[in-house]
Structure formats: structure tokens, C-alpha cells
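Q: show me the folded form of this:
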Amino acid sequence: MDKGIAIIQAHPDPAGHHLLHAMADAYAEGAAAAGHEVRRIEVAKLEFRLLRTQADLARQADRAASFPAAVVCQNLSSVSAVQSTLG
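A: Residues are numbered from 1 along each chain as shown. Coordinates of the predicted model:
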């Protein structure tokens, strides 16, 4: 039985050439060779801000207080992009 497989690759560097990219590549190749449908989501290539430190979170909270609708719309747009990728 063929399966649909979604690989979510979340390394923060979109350029590749890291262990996590290689692991995702190998898994995708093996799954495709076995006849499964494979879809990949490269989180670092999605258009939304990642909060990597507590300082980033504090700055985002200050910005959200001044224009929360824009931040919410941006995040909803990113969620929609992931949903459309998954089909």
C-alpha cells in the first residue's frame, strides 16, 4: 500500500549541506523509491519570522502590541502555505 509522506525539514539554514538536510534527502529518496508520494516542507524557506531567543520574543511582543492584525495575518499566511503544501 502506497502512503503519502510529508517530510518537515526544520534546519534554520535554507542553503542545505547539513546533516538534517542529508537525512531528509535520504528518507525522501528511499520513500519515493518504495513507491510512496513524498512532499517536503523546508521550514527555513517559509516566509515567517522565527523567534530564536527570548530577546526576539520580547521584540515581537512589543511589535505585536503596536499592530497585532499585521502579525496575525502574516502568521496565518504561513499556516496557509504549509496547509496548501500538504494538499
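
Q: could you pull out the helices for the chain?
A: Here the chain has its helices, by DSSP state H, at 19-33, 54-66, 68-86.

Q: could you chop this structure up by domain?
A: 1-45, 47-87 (automatic domain parsing).

Q: which of those has the lowest average pLDDT?
A: Lowest mean pLDDT of these: domain 47-87, a mean of 63.

Q: quick check: beta-bridge partners of Ala6?
A: Counting by DSSP bridges, Ala6 forms beta bridges with Arg39.

Q: so how far is Phe48 from it?
A: Per C-beta to C-beta, to the nearest Å, Ala6 is found 18 Å from Phe48. Quick note: C-beta positions are derived from backbone N, CA and C, even for glycine.

Q: what does Gln54 give?
A: Using C-beta to C-beta, we find Gln54 at a distance of 19 Å from Phe48.

Q: among the two, which residue is more densely surrounded?
A: Using other C-beta atoms under 10 Å as the criterion, Gln54 and Phe48 rank with Phe48 on top: 15 against 8.

Q: got the contact list for stretch 15-33?
A: Ile5, Ile7, Gln9, Ala10, His11, Val38, Arg40 (C-beta atoms under 8 Å, 6 or more residues apart in numbering).

Q: tabulate those in CSV, adding columns for neighbour count and distance to Ala58.
A: Formatted as CSV, these follow (neighbours: other C-beta atoms under 10 Å; distance: C-beta to C-beta, whole Å):
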residue, neighbour count, distance to Ala58
Ile5, 15, 38
Ile7, 15, 33
Gln9, 20, 28
Ala10, 12, 23
His11, 17, 25
Val38, 18, 39
Arg40, 15, 33
